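Visitor: have a look; sequence and predicted model below, questions after that.
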Amino acid sequence: MRAYGSVEKLIDVQKRIAKRALDTIKPLRVTPKHVVGLDVAYSRTYGGVAVATLVDFESKQLVDYSVAVGEPRLEYIPGLLAFREAPLLYTALQSLGHDFDLVVVDGHGISHPRRAGIATHIGLALGKPSIGVAKKKLYGDEVHVRGVSQCIEYPCIVGYLVDENGYKLAYLVVSNKRSRAPIYVSPGAGIDLDSALRVAMEMILGTKLPLPTHYADRISKHIARQLDRGVLKPSQLKKGIKRLDGFIAGQA
DNA sequence: GCGACAG
DNA sequence: ATCTTGTCGC
């Protein structure tokens, strides 16, 4: 982890990031047109495989995607995920070369020990609203408002996450009838909790994750496997929706 | 010392 | 995250 200095140093950076992000938390006044999804999978031979997807909010269709491959500069340390994955995600986002209005990141936003999860880091750096959607809890106490068996429609809000002061950090959402555990939806930056929840829920269509992140997860894992099989080379990676043929279809 | 611990 | 066979359920 020498590439960044000490852990204490990184923690200080996050405290500053959190302070800045706090001022950007506000209701989302507009309906996004294009939403980006960000996620990273891992290849044993080439390291991280970051994917940025572009989804049309209205039609819910995958418009395009881009990829970036490289060895992470830092090991995985709970709470410091942003320093490990954000750099590669930025690279993927740049090659996407398309404008967008909001970004959904695989991981937490303010539901983080210092209120600076990877979604917060990215949203602040990009200057655009960001939402964090994680599959597991990192920080906070869970408050359940209803049991999974009490859900009538999906996605279903089963509770929320609060900090030591009772402040809401994220919502616990059970995406579909098959899902057991909930996903955690929190604001990263430039958007408040309720707006983040609304946008995230509108993009969950039978999937466990919102479409942008759902696609990024599938594509990144697919590419990581192809790389490890040797049927695909990093030099041939770029971007393209054309080669995703039928694989994108039956994914719900 | 023990439990928690995004990806 | 990734490593992995079978198994339970729709």
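Guide: Here it is on my side, so go on. Numbering: from 1, shown residues only, chains lettered A, B, ... in the order given.
Visitor: give me every residue in chain A lying close to DNA strand B.
Guide: Residues of chain A lying close to DNA strand B by Cβ under 7 Å from any atom of the strand are A:39-40, A:76, A:78-82, A:85, A:106-108, A:112, A:117-119, A:132, A:134-138. For every residue, glycine as well, the C-beta is placed using N, CA and C.
Visitor: what do you get if the cut-off is 6 Å, keeping everything else the same?
Guide: Within chain A, the residues that sit near DNA strand B (Cβ under 6 Å from any atom of the strand) are A:40, A:76, A:78-82, A:106-108, A:112, A:117-118, A:134-138.
Visitor: and the gap between the most centrally placed residue in chain A and residue A:75?
Guide: Nearest to the mean C-alpha position of chain A, counting by Cα atoms, centre = their mean, stands residue A:105 at 1.6 Å. Distance of residue A:105 to residue A:75, given as Cβ to Cβ, to the nearest Å: 20 Å.
Visitor: same deal with residue A:28?
Guide: Distance, residue A:28 to residue A:75, using Cβ to Cβ: 35 Å.
Visitor: more neighbours: the two, which one.
Guide: residue A:28 (19 against 8; other Cβ atoms under 10 Å).
Visitor: tell me the secondary structure at that one.
Guide: Put simply, residue A:28 is coil when judged by DSSP: H, G, I helix; E, B strand; the rest coil.
Visitor: which ones are touching the closest residue to it other than its chain neighbours?
Guide: Spatial nearest neighbour of residue A:28, chain neighbours left out: residue A:195 (3.8 Å); criterion: Cβ to Cβ, 6 or more residues apart in numbering. Applying Cβ atoms under 8 Å, 6 or more residues apart in numbering to residue A:195 gives the contacts A:27, A:28, A:129, A:187.
Visitor: dig out what the last one forms beta bridges with.
Guide: By that I understand residue A:187. residue A:131 (DSSP bridges).
Visitor: show the pLDDT at it.
Guide: Looking at residue A:187, its pLDDT is 98.
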